[in-house]
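Asks: quick check, what structure comes out for this input:
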Amino acid sequence: MKKARLAALLRQVRLDANFTQLQLAENIGQTQSYVSKYENGEQRLDLIELEGVCKAVGIPLIDFVERYLES
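Replies: All right, here's what the predicted structure looks like:
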């Protein structure tokens, strides 16, 4: 399922950056529970939010998209 793949990748890029959910949340101006919902597939990210996550974890948005397409 695409939704589960995206959620898993979001979690993986956060972990690769050595961020807790709380640290990522603080970096993107959200709450920890909001990040948890992203990673559990309960909440969808729009493109602007995804770009913010990518900036926070230090990867270009295009790299994230490529990793998603390869998975």
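Asks: now do the buried residues in the longest helix along the chain.
Replies: Criterion DSSP state H: the longest helix present in the chain is helix 2-16. Along helix 2-16, these residues count as buried under the neighbour rule (16 or more other Cβ atoms under 10 Å): 6-7, 9-11, 13-14. Any C-beta I mention is one placed from the backbone N, CA and C, and that applies to glycine too.
Asks: got a markdown table for those residues, with pLDDT and distance to Phe64 too?
Replies: Putting the buried residues of helix 2-16 into a markdown table (pLDDT from 0 to 100; distance: Cβ to Cβ, whole Å) gives the following:
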| residue | pLDDT | distance to Phe64 |
| --- | --- | --- |
| Leu6 | 93 | 10 |
| Ala7 | 94 | 13 |
| Leu9 | 96 | 7 |
| Leu10 | 96 | 9 |
| Arg11 | 97 | 13 |
| Val13 | 97 | 7 |
| Arg14 | 97 | 11 |
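Asks: closest to Glu39 out of those?
Replies: Within the buried residues of helix 2-16, distances to Glu39 taken as Cβ to Cβ reach their minimum at Arg11, with 4.4 Å.
Asks: that closest one against Glu39, yeah?
Replies: Yes - counting by Cβ atoms under 8 Å, Arg11 touches Glu39, with 4.4 Å between them.
Asks: tell me the contacts of the residue nearest in space to the middle of the chain?
Replies: For the chain, the residue whose C-alpha lies nearest the mean C-alpha position (Cα atoms, centre = their mean) is Leu10; its distance is 3.3 Å. Neighbouring residues of Leu10 by Cβ atoms under 8 Å, 6 or more residues apart in numbering: 38-39, 45, 53.
Asks: also Ile48?
Replies: The neighbours of Ile48, taking Cβ under 8 Å, 6+ apart as the test, come to nothing; the list is empty.
Asks: try Arg14
Replies: 21, 24, 35, 39, 53, 57.
Asks: ok, now with 7 Å
Replies: For Arg14, the contacting residues are 24, 57, taking Cβ atoms under 7 Å, 6 or more residues apart in numbering as the criterion.
Asks: mind showing which ranges of the protein have poor pLDDT?
Replies: Counting by pLDDT under 70, the chain has low-confidence residues at 1.
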